[in-house]
Structures are given as structure tokens and as C-alpha cells.
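*Asks:* Build me a structure from this.
(one chain, ligands or ions: 1)
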Amino acid sequence: MSAVFAVSGSPSERSRTSLLVHHVIERLSLTGFDAAHLAVRDLPAEDLLHGRADAPAVRAAVDAVALADGLIVATPLYKASYSGLLKTFLDLLPQSTLTGKTVLPLVTGGTRSHLLAIDYALRPVLVALGARHVVGGCFVLDRDIEPGAAGGVTLAAEAELRLFDVLDHFIEALPAAGASLAPSLP
Ligand SMILES: Cc1cc2nc3c(=O)[nH]c(=O)nc-3n(C[C@H](O)[C@H](O)[C@H](O)COP(=O)(O)O)c2cc1C
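*Replies:* Predicted structure coming up:
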């Protein structure tokens, strides 16, 4: 089964973006994927700001990205773009880190007016890092994500449907899943 690594870039302690990713990771784990989540805010801030790619925690995070078959990149919308915190981490990835990986962008925001930021802001930087297969992303309004009991999350029904639809496409596009769908030669 493919390995999926998720990186979320909210500086907020009670991040809705993180909750959303947690929800997705839970779903992937239940389906049998080897799935893990890194909130960039948990990396040492000084290492991020000083661009220390060789700091142990940063190196471990970069290695986890490199080893994954699929990457989920999640961010809140800040000023009609992805967060600066996410960028501090993306800047530490070697140039072609995302080559051969399937990438799923997830974005949360306060208004639908900025949902195109997935395509004009986030997608170009993922492509610049080598990603050739960035599947259609998912934008979820902050008010549609509610913290639930025991660290869980409740999503508005419409958002949940869209999210799981996008997730199905992501799973289908993962390298291992793609191989199993290919017709076998006689
Ligand atoms: C500094 C700042 C800038 C924001 N800019 C935007 C924006 O341009 N467009 C938008 O839709 N939401 C914007 N928001 C709202 C957040 O994107 C939204 O509440 C998001 O879900 C927060 O995610 P988080 O809880 O993971 O931090 C902004 C919030 C903050 C704090």
C-alpha cells in the first residue's frame, strides 16, 4: 500500500486546516494506507526561518516527503495565497523532491472568493518542485470545519462529500494504485 505524507502550514494552535488533514489521514489509515501528518508549526521556528535544511527535525521531515508516494499539501488562505509558514518549509525541499509523486492540495479559507488561489498560487510552486501530477484540490470554508469530540472533526455534509470525492481521485492516482489498475500483459 502506498505511503502518504501530509504537510499542513497553519501557524494557528487550533488550526482548522490541521483538523481537516487529521480527518483525511484517519480515513486513509482506515483504508490501509501508511499515512502521517506533519504540522509545520511543530518544527523548530528558528530552523525554518534560518533555512537550516540540515537541522535534525527539518531533515526528518524532508526525508518523509521524499519517501512518500503521495503528498498532501494543506494550507489556510492568507492574503489570497498559501501561508508564509508553509513556504518556509517548501523552501527547504530540494528542487525535484516532488518528481514522480502524486500531490493533493487542500486549502481552507474564510471566503470562496479566494478559492482560485489553489490554482494560481499553490499549484505553481508544487510544479516548480517537480510535481507533474497535482490532482484537483479541495477548498473548504473554515466555518464548515467543526472540532468534534476526542480530537475529531465534523465537516459540513457538502464539504465532506467534495473532500472524499477529491480523496478518491487522489488514491486512484497514487503510483501503486495506478499500477494495479493497469491491464496485465499476457
Ligand atoms: C492573517 C490572515 C489572513 C487571511 N486571509 C484570508 C484570505 O485572503 N482569504 C480567505 O478566504 N481567508 C483568509 N483568512 C481566513 C483563513 O484562511 C481561514 O480562517 C482558515 O481556515 C484558517 O485556517 P487555520 O485555522 O488552519 O489557521 C485569513 C486569516 C488570517 C489569520
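
*Asks:* OK, contacts around residue 70?
*Replies:* Contacts for residue 70 were tallied using C-beta atoms under 8 Å, 6 or more residues apart in numbering; they are 2-5, 101-104, 170, 173-175. Every C-beta, even on glycine, is put in place using the N, C-alpha and C of the backbone.

*Asks:* so which two of the residues you listed are the farthest from each other?
*Replies:* Maximum pairwise distance in those, criterion C-beta to C-beta, is 15.4 Å, between 5 and 173.

*Asks:* Of those two, which one has the most company?
*Replies:* residue 5 (23 against 18; other C-beta atoms under 10 Å).

*Asks:* Leaving out the residues flanking it, which one is nearest to that one?
*Replies:* residue 68 (3.7 Å; C-beta to C-beta, 6 or more residues apart in numbering).

*Asks:* List the ones among the contacts of residue 70 that fall in strands.
*Replies:* Among the contacts of residue 70, the members falling in strands (DSSP state E) are 3-5, 102-104.

*Asks:* out of these, who's nearest residue 92?
*Replies:* Using C-beta to C-beta, these come closest to residue 92 at residue 5, 14.7 Å.

*Asks:* Cross-check the contact I'm expecting between the closest one and residue 38.
*Replies:* Yes - in this structure, residue 5 is within contact of residue 38 by C-beta atoms under 8 Å, at 7.1 Å.

*Asks:* Identify the contacts common to the two.
*Replies:* The contact lists of residue 5 and residue 38 share residue 64, where a contact means C-beta under 8 Å, 6+ apart.

*Asks:* Wait, a strand at residue 95?
*Replies:* No - checked against DSSP: H, G, I helix; E, B strand; the rest coil, residue 95 lies outside a strand; its state is coil.

*Asks:* Would you quantify the distance from it to residue 77?
*Replies:* 26 Å (C-beta to C-beta, to the nearest Å).

*Asks:* Equivalent analysis for residue 167, please.
*Replies:* 20 Å.

*Asks:* The ligand contacts on this protein?
*Replies:* 10, 12, 15-18, 76-80, 108-111, 114, 142 (C-beta under 6 Å from any ligand atom).

*Asks:* From the ligand, how far out is residue 158?
*Replies:* 16 Å (C-beta to the nearest ligand atom, to the nearest Å).

*Asks:* With residue 50 instead?
*Replies:* 23 Å.

*Asks:* And the helices in this structure?
*Replies:* 16-30, 45-49, 56-67, 84-90, 117, 123-128, 157-173, 175-181 (DSSP state H).

*Asks:* Return the set of buried residues in the longest one.
*Replies:* Just to be clear, that refers to helix 157-173. By neighbour count on 16 or more other C-beta atoms under 10 Å, the buried set for helix 157-173 is 159, 162-163, 166-167, 170-171, 173.
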